[in-house]
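K.L.:
only the shape, not the letters, is given here:
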């Protein structure tokens, strides 16, 4: 039994929530128990005089006691429930203590790889697959005898078949087939001994026949892999990436539509129509725009090395289509969009990154991603919708009736495999391991095929230091090219170059090695080396030795002359010499810096062997120090 005063006291107790909830509840029940015991004793004493009244009070007290207990329990439960809800909400909201600097950025997660952190703090993963269209390097087109030449007068390189004149038939170009076989072997793909050509029907102004001849049922090769380096970008991480190659197919290129905004007309140039294409379809295993750009860059180098494609994106020889979707980590693929005709590495990166963040923002805003084709506007940096892909997918594929199955001889495949040239990755590894060249410099040399050709020619002249030769190429020659906006072409490739004579510069491997050796023998300094290389790039026909003698570039090694030079510097820097002599051993090197700076500013330093100068300088300072 509980007295009324205790009940009033319990009504004034606060809600027993939080970490003190159970303690308060136990306290309440103890209080109720002790109070009930006292009231029982009182009830026994008063029972003789007022049994009915006591019974009434007991009933009321019991009812109030149970009511209060229920209320206390309910309050505790409510508080615990709200606490759990808050904790669950915190857990559901993602990673705890997410830095504000990471919001709206791409990060590297050791567990999940590349992750996008949206402005709301949610984690997203982008899924990217690319299709690369590479124009095959051949003298004629894929199915006609029309020349395959760039930058020719409009509609001047068009055969009857390219214009879809009735009665004309396709004749397969064997050079295009060989390019497909070499590319397949280089990318570790399985070459199909039998493949088929199909018609892909769609109407477009620059496709006169109304269909494209491609390989839809069984392409020339399938199931390859391509490994490439991804350089540091926003995530500040350099790593190696491998992308699965789904298939390679041979097909026709379309013509080119020329839009005249002034007169409101659309003109068609069929020079490109019918040129052979290799379409390389990669699996959606990329996660980042720079990864796609790195893939396209390395692939262009591989195709150029194989002589399968020129690889120049600025000419449209290599074009990239990107299929992009986003999902939360561990979820199924989202709805994808396709961004067409990306013709530069920067466009590949920027278009993919814009589209990824556009889709993330749309999904978090409750919108639905449409399966559509989009284009990239370089000026605005945005992708814009072109057409609804879901309504344009019926291409009505059918076998090409005018072309038999393409049957390859296994002996041909083996011959091509044995004759594959060194690929860019192998070249970089050779330069680094065999010649001891820095990896970044290796990458620069291999990225420019003419640099690599020049370096390998220099190797034949047995330079004293391979690193010196490489440094001349990527520092002195590269500086000259940027300054004068020129293009370097190796000496043996000048005749086959498609650049004008005014655009290109060159230097022979013999001259470069000779200049490098003079520097390594300390007969000239770096300034003189730079003068020699730039003179040869300017087209100077004199030999390296003639240039050295006529420009008086030889270093002075006469020790008597250099000793006088040292004495003059010590006299002019007498106060600094005193500081050097009195300095503690650990500080002497610092006090020596002003003395050497003064020597370097002297005009004689340009013609003096400064190694000998420094030897004599230290000898003089040591002798002075011993005298003191």
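P.N.:
That came in fine, so what should we check first? Just so you know, these numbers come straight off a predicted model, no measurement behind them. Numbering: from 1, shown residues only.
K.L.:
what about the residue nearest to the spatial centre of the chain, distance to residue 228?
P.N.:
Among the residues of the chain, the one closest to the centroid is residue 290, at 2.5 Å (Cα atoms, centre = their mean). From residue 290 across to residue 228, the span is 11 Å (Cβ to Cβ, to the nearest Å). Heads up, the C-betas are built off the backbone N, CA and C, glycines and all.
K.L.:
what's the answer for residue 181, then?
P.N.:
Distance, residue 181 to residue 228, by Cβ to Cβ: 22 Å.
K.L.:
more crowded one of the two?
P.N.:
Neighbour tally, residue 181 and residue 228, criterion other Cβ atoms under 10 Å: the higher count belongs to residue 181, 23 against 19.
K.L.:
in three-state terms, label residue 248 for me.
P.N.:
strand (DSSP: H, G, I helix; E, B strand; the rest coil).
K.L.:
tell me the pLDDT of it.
P.N.:
Residue 248 is assigned a pLDDT of 98 by the prediction.
K.L.:
how about the spatially closest residue to it that is not a sequence neighbour, what does it touch?
P.N.:
Excluding its sequence neighbours, the residue lying closest to residue 248 (Cβ to Cβ, 6 or more residues apart in numbering) is residue 221, at 4.7 Å. The contact partners of residue 221, by Cβ atoms under 8 Å, 6 or more residues apart in numbering, come to 180-181, 184, 189-192, 247-248.
K.L.:
what segments of the stretch 251-400 of the chain are helices?
P.N.:
Ranges of helices within the stretch 251-400 of the chain are 289-305, 345-364, based on DSSP state H, counting those that start in this stretch.
K.L.:
report the buried residues of the last one.
P.N.:
Read that as helix 345-364. Going by neighbour count (16 or more other Cβ atoms under 10 Å), the buried part of helix 345-364 is 345, 347-360, 363.
K.L.:
repeat that for stretch 515-525.
P.N.:
Neighbour-count burial for stretch 515-525 [16+ other Cβ under 10 Å]: 515-520, 524-525.
K.L.:
likewise stretch 473-484?
P.N.:
Within stretch 473-484, the residues that count as buried by 16+ other Cβ under 10 Å are 473-474, 476-477, 480.
K.L.:
so for it, mean pLDDT?
P.N.:
Mean predicted confidence for stretch 473-484 is 95.
K.L.:
give me the distance from that stretch to the chain's centre.
P.N.:
25 Å (Cα atoms, centre = their mean, to the nearest Å).
K.L.:
distance between the ends of it?
P.N.:
Stretch 473-484 has its terminal residues 16 Å apart, counting by Cα to Cα, to the nearest Å.
K.L.:
can you tell me what sits against it?
P.N.:
So stretch 473-484 is contacted by 441, 444-445, 451, 454-455, 486-488, 505, 507, 512, 529-530, 533-534, 537 (Cβ under 8 Å, 6+ apart).
K.L.:
one more pass at 7 Å, please.
P.N.:
The set of residues external to stretch 473-484 that reach it, using Cβ atoms under 7 Å, 6 or more residues apart in numbering, is 441, 444-445, 451, 454-455, 488, 530, 533-534, 537.
K.L.:
most neighbours of all those residues, which one?
P.N.:
The residue in the contacts of stretch 473-484 with the most neighbours, by other Cβ under 10 Å, is residue 454 (27 neighbours).
K.L.:
give me phi/psi at the residue lying closest to it once chain neighbours are set aside?
P.N.:
Distances taken as Cβ to Cβ, 6+ apart place residue 490 nearest to residue 454, at 4.9 Å, with adjacent residues excluded. Taking degrees, to the nearest 10, you get phi -60, psi 150 for the backbone angles of residue 490.
K.L.:
surely residue 490 touches residue 455?
P.N.:
No - Residue 490 lies out of contact with residue 455 (Cβ atoms under 7 Å); the separation is 9.5 Å.
K.L.:
what about stretch 325-339, start to end distance?
P.N.:
Using Cα to Cα, one end of stretch 325-339 lies 11 Å from the other.
K.L.:
what comes up buried for that stretch?
P.N.:
In terms of neighbour count (16+ other Cβ under 10 Å), stretch 325-339 has its buried residues at 325-327, 334, 336-339.
K.L.:
number of residues surrounding residue 315?
P.N.:
Neighbour tally, residue 315, other Cβ under 10 Å: 13.
K.L.:
likewise residue 546?
P.N.:
For residue 546, the neighbour count with other Cβ under 10 Å is 11.
K.L.:
okay, and it sits in which element?
P.N.:
For residue 546, the host element (DSSP states H and E) is helix 544-550.
K.L.:
who are the packing partners of the helix or strand following that helix?
P.N.:
Following helix 544-550 in sequence order, the next helix or strand is helix 559-572 (DSSP H and E). Helices and strands touching helix 559-572, as assessed by 3 or more Cβ pairs under 7 Å, 6 or more residues apart in numbering; DSSP states H and E, comprise helix 588-601, helix 610-627.
K.L.:
strands along the stretch 351-500 of the chain, start to end?
P.N.:
Secondary structure of the stretch 351-500 of the chain (DSSP state E, counting those that start in this stretch): strands located at 372-377, 382-388, 398-399, 406-407, 487-488.
K.L.:
just give me the neighbour total for residue 234.
P.N.:
Residue 234 - counted by other Cβ under 10 Å - has 13 other residues nearby.
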